[in-house]
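Visitor: Sequence and predicted model, in that order:
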Amino acid sequence: MKLQTLRTARRDKGFGLIEAMIALVILAVGLLGMTRLQARAVAGTTESQQRMVAQQFADELLLRALIDAANSGCYTLPAAGTCGNIAARAATNAWGTAVGAGLPSGAATAVVDANLRLQVTVNWTGRESGATRSLVVTTDVRS
């Protein structure tokens, strides 16, 4: 009986090492997949955060224009038409500068059309994708 056990032990020698190596390969593939999933989640979060910042910038200018609808010509960027309120023009220029600083390659335009609708466009470059993103928001600014 002892001889039979000895033969089985010799034949099975090293089998545990092969099992451990297979387990390590499976673990490595799983960890690599988790790392890739985490990277995609971070990229998606970054793009989402940039979109939210762009929306906040657009809302800021739109709300200023709605509050001061009598001076809607002051809220165009680049400056167009006449502006009766120097503070509103300065605030609009400062807003344009803030968009450029707050978003990667950020740029903004604001146009009042013949129907007195203010259209704000915010452009930026996505950090992860490198693609140009754009957000367009329009509101009515009739007084």
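Guide: The structure has been received and is ready for your questions.

Visitor: where does this protein dip in pLDDT?
Guide: Where the chain drops to pLDDT under 70, the residues are 1-12, 143.

Visitor: all helices of it, in order?
Guide: Taking DSSP state H, the helices of the chain run over residues 2-11, 15-67, 86-102.

Visitor: most packed of those helices?
Guide: helix 86-102 (a mean of 15; mean count of other Cβ atoms under 10 Å). From N, CA and C alone the C-beta is placed, and that goes for glycine too.

Visitor: before we move on, back to that, which one of the helices of the chain lies nearest to Ala114?
Guide: With Cβ to Cβ as the measure, helix 15-67 is the member of the helices of the chain nearest Ala114 (16.0 Å).

Visitor: Now do the closest one: which elements does it pack against?
Guide: Contacts defined by 3 or more Cβ pairs under 8 Å, 6 or more residues apart in numbering; DSSP states H and E place helix 15-67 against helix 86-102, strand 107-112, strand 117-125, strand 132-140.

Visitor: give me that answer again for 6 Å
Guide: Contact partners of helix 15-67 among helices and strands, from 3 or more Cβ pairs under 6 Å, 6 or more residues apart in numbering; DSSP states H and E: helix 86-102, strand 117-125, strand 132-140.

Visitor: Would you point out which residue is most central in this protein?
Guide: In the chain, the residue lying closest to the centroid (Cα atoms, centre = their mean) is Glu47, at 1.9 Å.

Visitor: re earlier: would you turn the helices of the chain into a markdown table with distance to Gly130?
Guide: Formatted as a markdown table, the helices of the chain follow (distance: least, Cβ to Cβ, whole Å):
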| stretch | distance to Gly130 |
| --- | --- |
| helix 2-11 | 58 |
| helix 15-67 | 11 |
| helix 86-102 | 18 |
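
Visitor: so what's Pro104 up against?
Guide: Pro104 makes contact with 124-125, 127, according to Cβ atoms under 6 Å, 6 or more residues apart in numbering.

Visitor: mind running it again at 10 Å?
Guide: Listed by Cβ atoms under 10 Å, 6 or more residues apart in numbering, the contact partners of Pro104 are 50, 124-127, 130, 133.

Visitor: quick one: which two of these are the most distant?
Guide: The span of the contacts of Pro104, defined through Cβ to Cβ, is set by Gln50 and Gly130 at 12.2 Å.
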